[in-house]
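Visitor: what's the 3D shape of this:
(one chain, ligands or ions: 1)
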Amino acid sequence: MKLWELLEKIQSKLDYLTDNIELEEYSSIEEAINKAYLEKPEWNRVNNVVAIFADLADSTSISNRKIKRVYAKFLEYIGYPFVKINNEFDAEFIDIKGDGGIALFSGKYAEIKAFLSAETFKTFQEKYAKDYFKKYDVSYYLGIGIAKGDLLVKKIGQRGDKNYYVWAGNAINNAALVSKDLKRVKQNMTTIGVTEDIYHTLDTNTFRDYLIFSCGCPNSKKVKLWKEFTVSGESNFKYHLIESNWCEKHGEEYVRKVLEVIQKDD
Ligand SMILES: [Zn+2]
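Guide: Numbers count the residues shown, from 1 in each chain. Now for the predicted structure:
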């Protein structure tokens, strides 16, 4: 291998980068992804994308300890349900990244669909996965962040089959930031955090009774299920956190009622 020649070639490939990154605007996630060609200098951008970012807590120390086989099972208990559930709620793009994943939604009700999906995934983690991992005395929980903003996508790599999509933009970055903070404020439980704007979309007359307040179980008292937090070190970045899972008695009915509203309008 000609070491310096290789490194200089890489450097000259990146010469086109200037102070500002160049953008090309798209109106749909699908189009932005399909038109992200290799070696295209621009990043493709879509506005108003809602991203879910889910990530396992403390995965480095888990994978370093002598429980590698349990960690491998974690990955399956995250990956398969993440894909299956987000697909069920019409995510337009889903990607698994090691011990977590991203799912992207757009259009009217993108916030609602993303939340229903995240809440369903969370319920699986808390009611099924956690139960399965009980026998291993390991801590297993995820932070699930949801945020809305622009999405930037680019294809990076070399020709042939060695190229990959990379993501930037506020939707994924802010969802990742919330996900990280959730694991700081609430340990030992999979939680969901949504940014202010997402929360305001859930907290409207149409959805408030199903998504903001409890069903009243177990003592017929309907309570607000969300608490407000601020991202550590970012005093302007507020988000709302929910700990509850779908109720065993009312969960299915609630999902159905919200989906009816969405589908009627489609
Ligand atoms: Zn209930």
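
Visitor: going forward, measure contacts between C-alpha atoms and count neighbours the same way
Guide: Noted.

Visitor: From residue 167, how far out is the nearest residue to residue 56 once chain neighbours are set aside?
Guide: Spatial nearest neighbour of residue 56, chain neighbours left out: residue 142 (4.3 Å); criterion: CA to CA, 6 or more residues apart in numbering. To residue 167, residue 142 is 21 Å away according to CA to CA, to the nearest Å.

Visitor: how about residue 205, what does it touch?
Guide: With CA atoms under 8 Å, 6 or more residues apart in numbering as the criterion, no residue contacts residue 205.

Visitor: Let's verify it: helix, strand, or coil?
Guide: coil (DSSP: H, G, I helix; E, B strand; the rest coil).

Visitor: Against the ion, how distant is it?
Guide: Distance, residue 205 to the ion, using CA to the ion, to the nearest Å: 20 Å.

Visitor: thinking again about what came up before, okay, residue 142 and residue 167: which has more neighbours?
Guide: Ranked by neighbour count (other CA atoms under 10 Å), residue 142 and residue 167 place residue 142 first, with 29 against 16.

Visitor: Was I right to think the more buried one contacts residue 54?
Guide: Yes. Using CA atoms under 8 Å, residue 142 is in contact with residue 54, at 6.5 Å.

Visitor: quick one: common contacting residues for these two?
Guide: residue 179.

Visitor: near the ion, which residues of the stretch 151-266 of the chain?
Guide: 215, 217, 247, 249-250 (CA under 5 Å from the ion).

Visitor: Dump those into TSV; add neighbour count, pLDDT and secondary structure as well.
Guide: What follows is these, written out as TSV (neighbours: other CA atoms under 10 Å; pLDDT from 0 to 100; DSSP: H, G, I helix; E, B strand; the rest coil):
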residue	neighbour count	pLDDT	secondary structure
215	22	96	coil
217	13	94	coil
247	16	97	coil
249	11	96	coil
250	14	96	coil
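
Visitor: where's residue 87, which helix or strand?
Guide: Here residue 87 sits within helix 68-88, counting by DSSP states H and E.

Visitor: and the helix or strand following that helix, what does it pack onto?
Guide: Where DSSP H and E defines the elements, the next helix or strand beyond helix 68-88 is strand 93-97. Contacts defined by 3 or more CA pairs under 8 Å, 6 or more residues apart in numbering; DSSP states H and E place strand 93-97 against helix 68-88, strand 100-105.

Visitor: what angle separates the helix or strand hosting residue 120 from strand 100-105?
Guide: Using DSSP H and E, residue 120 sits in helix 110-124. Inter-element angle recorded for helix 110-124 and strand 100-105: 150 degrees (by axes from the mean of the first three to the mean of the last three CA atoms, to 10 degrees).
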